[in-house]
Every structure is written in structure tokens, then in C-alpha cells.
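Undergrad: for reference, the sequence and a predicted model appear below.
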Amino acid sequence: MNKSLSPKTPTRWYDGLAKYQQQGVAHVLATVVAVNGSAPRALQSKMIVTLDGCCDTLGGGSLEHDVTITARQLLNGELDPNESRGFKPLKAGRSEKAHAVRRDAVYTKHYPLGATLAQCCGGSVTVMFECFNVTPPMSLLVFGGGHVAAALMTILAELPCQVDWVDSRAEMFERYLSRDSNTADGQVTYQLPAHIRPHVDEDPVDFIRPFVTNSARRLSTAKGTQYFILVMTHDHSLDFELVRATLDCLLAADSKTELNEKIAKPYIGCISSATKAKRFKDRLLQRGYSEKVINKLTMPIGLEIGGKEPMAVAVSIAGQILQLYHKS
């Protein structure tokens with residue numbers, strides 16, 4: 001399962017904006033909002049800056065160099081805005097809430113294009129910085145393509161998240177196939193939002209470790225609950241193996257981070273009745289898992305809102321993960 005971004009950086013700012021919005025990558029849209037005198041680019045010129053790349057240009061040279069540095073400092077939460085003096089390093093001891101608010105806001109910075117920037121244009125420009133996706137979007141790994149999972153995808157299609165949807169049965173995704181799904185390279189295309197990625201694999205367990213590893217790396221500076229593993233397959237035995245494999249992976253991850261509570265932790269949920277939940281927990285205890293480890297598992301899954309229809313269950317699941325995500 002490859003979660004890496006394409007190595008090719010978009011050339012135009014609007015292509016970059018669409019790509020990074022879709023993929024949930026943190027980025028800054030830098031826009032020239034005022035021009036006085038001679039300047040390297042016109043009013044409303046734009047560029048996109050990520051932590052490791054840029055697309056389009058505001059004219060190059062020292063101006064663009066400073067815009068890039070400023071944008072990345074904003075993404076990292078390293079700057080404190082001051083209306084009269086521009087930007088200053090963030091002071092120590094600021095609350096996390098204030099820190100987050102600063103990164104989510106819109107800032108402007110004035111640039112005289114003279115000796116300070118070593119540009120001979122002689123005019124000045126003001127650049128507006130807009131931060132997007134500073135808070136990582138929800139990342140979900142969903143096992144099972146049944147009725148509840150399909151209903152859940154209808155909800156997730158409208159939310160800012162990244163979803164990998166796995167089932168061992170290719171027929172479960174047939175309803176989503178595009179008419180021209182048989183491409184020249186043998187790849188299958190689906191009529192699903194780009195942020196929902198179906199996977200057909202005979203051994204779904206193989207998706208767990210890469211997902212946990214990638215999520216933990218991507219969220220190494222975040223905390224709370226920002227990635228979710230949802231188990232809802234057609235096979236109770238497979239559900240149990242997926243739960244076990246996930247707990248084992250998290251135990252290994254916890255040992256490396258020394259149970260650091262400030263690092264983002266996953267939600268592990270399994271769809272079930274009360275009877276199935278008790279059976280799973282008893283089996284895990286018999287296999288030597290501690291109560292503390294078993295308590296990482298949410299089972300039954302979802303909020304208690306009533307209703308057994310697939311969409312009602314999907315709403316309860318979506319409500320629970322949104323509640324946890326926004327409290328983190």
C-alpha cells in the first residue's frame with residue numbers, strides 16, 4: 001500500500017492546490033495582494049508552498065526565498081504575527097490552543113523590493129499567506145465492503161479525510177467500477193472520490209502494519225486520535241485476526257515510543273453485537289493480552305443512537321470518529 005505522494009510537483013498553483021487539498025497535505029497559498037511601483041509579478045499572482053516543495057512562482061529571487069521560508073515557518077507553527085512589525089519567533093510557553101489558532105489564521109507580510117531583499121525592482125508588494133490542512137485530516141483504514149461500510153463511504157465522501165477501503169472480494173467494489181475501468185496498464189478505476197481508495201487483497205491483514213507505520217510517522221508531532229482502523233468484514237474469524245494483528249502492531253509501536261501520550265494514537269473499532277464483543281475479548285485474554293491492551297479496542301463500534309439499518313449504523317460510526325477526531 002503506497003501512501004507516498006507522486007514525485008512530480010505540479011507546475012501551476014491551481015494544480016498544486018487541488019492536489020494538496022485532495023491528499024490532505026499541509027500547504028500555504030501565498031498571494032500578492034498589493035503592488036506599489038515596479039514588482040516581479042502582477043497583483044493576484046500565487047504560489048503554493050509545502051514543507052518540502054513549491055509550485056508556481058512569485059517572481060523568484062530573494063522575495064520568493066523569504067516567502068517560502070515564512071510559509072514553512074507558519075506550517076511548523078514557528079511564527080507569531082504582530083500587526084505593526086510583521087512576524088516574530090513564537091514565544092516559549094504559548095498555549096497549544098493559541099499555537100493552533102495562529103497556524104490556522106491568514107497573515108499578510110509587506111516586502112519593500114529594495115536593498116533589504118537585494119532586488120532592484122524598486123517597488124513593494126504585500127503577500128497574503130493562507131494555511132491549509134495544518135491539522136492532519138482523518139486517516140481511515142476500513143476492512144469490509146458490506147452494507148454498513150458502503151453506507152459509511154457515502155458519509156466519508158463528504159468529509160475531509162483519507163480512506164483506504166479493503167476487501168478480499170473484488171465483487172464488493174463492482175458497483176463502483178468506471179465504464180472505462182480496463183485501462184491499458186491493467187489498472188482499475190472507480191467512481192469514488194479520490195480520497196477513498198478501494199483495495200482488493202486476499203490477505204487484508206497485510207495492510208495494517210504499513211498503515212500504522214505511515215500514520216505514526218506522518219503524525220509524529222500530533223496527538224489525540226487522528227487515524228482510525230475500522231473492522232467490519234463478512235467473516236468473524238477474519239475480524240478477529242485483523243483485531244489481533246492491529247493490537248500486536250500497536251504494542252510494537254508503543255514500545256518504540258515508550259507509551260508517549262503526546263503522540264497520536266489510533267482508534268481501533270470492530271462492528272459487533274454484545275455477544276461477539278464478549279467472545280472476542282475473552283479470546284484475547286486467553287491468548288495473553290492484558291486488559292489494558294484489550295481496552296484499546298472499541299467493540300461494539302459507534303455511538304448508541306439507535307437503529308439497526310446500515311445507514312443508521314454508519315451514522316453512529318461516523319459520529320464517534322468525528323467526536324474523537326475533533327476532541328484531539
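TA: Sure, I can see it.
Undergrad: excluding chain neighbours, what is closest to the residue at minimal distance from the centre of the chain?
TA: In the chain, the C-alpha nearest the mean C-alpha coordinate belongs to Pro137, at 3.3 Å (C-alpha atoms, centre = their mean). Distances taken as C-beta to C-beta, 6 or more residues apart in numbering place Gly24 nearest to Pro137, at 3.8 Å, with adjacent residues excluded. No exception for glycine: its C-beta is placed from N, CA and C like everyone else's.
Undergrad: correct me, but that neighbour touches Pro160?
TA: Yes: Gly24 lies in contact with Pro160 (C-beta atoms under 8 Å); the separation is 6.9 Å.
Undergrad: was I right to think Tyr176 contacts Leu192?
TA: Yes: applying C-beta under 8 Å, one finds Tyr176 in contact with Leu192, separated by 5.3 Å.
Undergrad: now the common contact residues for those two.
TA: Residues touching both Tyr176 and Leu192 (C-beta atoms under 8 Å, 6 or more residues apart in numbering): Pro198.
Undergrad: distance between the host helix or strand of Val243 and the chain's centre?
TA: Element membership for Val243 (DSSP states H and E) is helix 236-257. Relative to the chain's own centre, helix 236-257 is displaced by 21 Å; criterion: C-alpha atoms, centre = their mean, to the nearest Å.
Undergrad: kindly report the same for stretch 188-196.
TA: Relative to where its chain is centred, stretch 188-196 has its mean C-alpha point 17 Å off (C-alpha atoms, centre = their mean).
Undergrad: list the buried residues for it?
TA: Neighbour counts using 16 or more other C-beta atoms under 10 Å place 190, 192, 195-196 of stretch 188-196 among the buried residues.
Undergrad: for that stretch, the averaged confidence score.
TA: For stretch 188-196, mean pLDDT is 86.
Undergrad: what does stretch 241-255 give?
TA: For stretch 241-255, the mean pLDDT works out to 85.
Undergrad: for the residue nearest to the centre of the chain, give me phi and psi.
TA: According to degrees, to the nearest 10, the main-chain angles of Pro137 amount to phi -70, psi 160.
Undergrad: does it touch Gln162 like I think?
TA: Yes: applying C-beta under 8 Å, one finds Pro137 in contact with Gln162, separated by 5.9 Å.
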